[in-house]
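Q: show me the folded form of this:
(one chain, ligands or ions: 1)
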Amino acid sequence: MARRSGLSRRRATIAVMLSMGALLIGGTGSAQQLVAPAPEITLAARAEKARSLAHIYSEKLRTGVIQALKEGGPVGAIGACNTLAPELNTTTTDESAFEVARTGLRVRNPDNAPDAWELAGLENFQKALTAGGDAKTMETYDVVTTKEGQKLFRYLRPIMMREPCMACHGPSVAQDVKAEIAKYYTDDKAIGFNLGELRGAFSLVQQLD
Ligand code: HEC
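A: The predicted structure follows:
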């Protein structure tokens, strides 16, 4: 019998292998050696694509913010930090697009609040950073199944506080900037971060089958 069940067993095995791969490698960057070649796109290949997208978004965010600050100062640039417009979120690696979002342990926009998987990742980043880890090497990814049975590839990578971020997320945000932020965000918790601290994370999701 059993072409069909044979097939689904194979698929199940792949899924288990993939999530074991994620457990084993959790961000060490040596995915290729540890994940056995699968007859579909490997977890390592997805992670590599997600990583390169996160780099692109990070650069877009930084340069976008710098440009907006130059043009409008912090008050005029309030909207510029939300640069991840939906049309930017459609870069594909294969059958389906990555969606890119941002999150953090403390957020300005409540829509960016972390879900359980993101929260666990952010807390791990924070712990690793406190222990002296290097943010550049940090990431986490996995294949997860939603309550509805949908399989997703998920990827999380830290966003760090840098100089151009200080005007709006730093420990001494100017009164007029605070007032402008408060017009749009009534429950802002994304303030008081120091240079080099964890500001949040890029969170990428791709639907699998
Ligand atoms: C001119 C003010 C301004 C500057 C400068 C700025 N941001 Fe923001 N940031 C905001 C606003 C406003 C939001 C809320 C955006 C939204 O509605 O999603 C935000 C949201 C975020 C979020 C999403 C989580 C949350 O708090 O809602 C991250 C992460 C973030 N900023 C990181 C940065 C980084 C990193 C920099 C520096 C490269 C930076 N920001 C510079 C104003 C700013």
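Q: and Met161, what are its phi and psi?
A: Backbone torsions of Met161, given as degrees, to the nearest 10, read phi -70, psi 130.
Q: from memory it sits against Gly170, does it?
A: Yes: using C-beta atoms under 8 Å, Met161 is in contact with Gly170, at 7.4 Å. Just so you know, the C-beta spots here come from the backbone N, C-alpha and C atoms, and that holds for glycine as well.
Q: shared neighbours, those two?
A: Taking C-beta atoms under 8 Å, 6 or more residues apart in numbering as the contact rule, Met161 and Gly170 both touch Phe193, Asn194, Leu195.
Q: and those residues as CSV, adding neighbour count and secondary structure?
A: Shown next, in CSV, are these (neighbours: other C-beta atoms under 10 Å; DSSP: H, G, I helix; E, B strand; the rest coil):
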residue, neighbour count, secondary structure
Phe193, 20, coil
Asn194, 10, coil
Leu195, 12, coil
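Q: specify which member of the residues you listed is nearest to the ligand.
A: When the shared contacts of Met161 and Gly170 are ranked by distance to the ligand (C-beta to the nearest ligand atom), Phe193 comes first, at 8.8 Å.
Q: I'd like the distance between that closest one and Ile56.
A: Phe193 sits 23 Å away from Ile56, going by C-beta to C-beta, to the nearest Å.
Q: likewise for Leu204?
A: Leu204 is 11 Å from Ile56, by C-beta to C-beta.
Q: more neighbours, those two?
A: Leu204 (25 against 14; other C-beta atoms under 10 Å).
Q: okay, and the beta partners of the more buried one?
A: Val100, Tyr155 (DSSP bridges).
Q: okay, it: pLDDT?
A: Leu204 carries a pLDDT value of 95.
Q: check contacts around it.
A: Counted by C-beta under 8 Å, 6+ apart, Leu204 has contacts Ala50, Leu53, Ala54, Phe98, Glu99, Val100, Ala101, Arg154, Tyr155, Leu156.
Q: narrow these to those that are buried.
A: The neighbour-count criterion (16 or more other C-beta atoms under 10 Å) marks Ala50, Leu53, Ala54, Phe98, Val100, Ala101, Arg154, Tyr155, Leu156 among the contacts of Leu204 as buried.
Q: gap between the first one and Asp188?
A: So the one you mean is Ala50. 29 Å.
Q: what parts of this protein come near the ligand?
A: Applying C-beta under 6 Å from any ligand atom, we find that the chain lies next to the ligand at 61-62, 65, 69, 74, 77-78, 80-82, 102, 104, 107-109, 112, 159, 162, 164-165, 167-169, 181, 190, 199-200.
Q: out of those, which are inside helices?
A: Among the residues of the chain next to the ligand, the members falling in helices are Leu61, Arg62, Val65, Leu69, Pro74, Ala167, Cys168, His169, Ile181 (criterion: DSSP state H).
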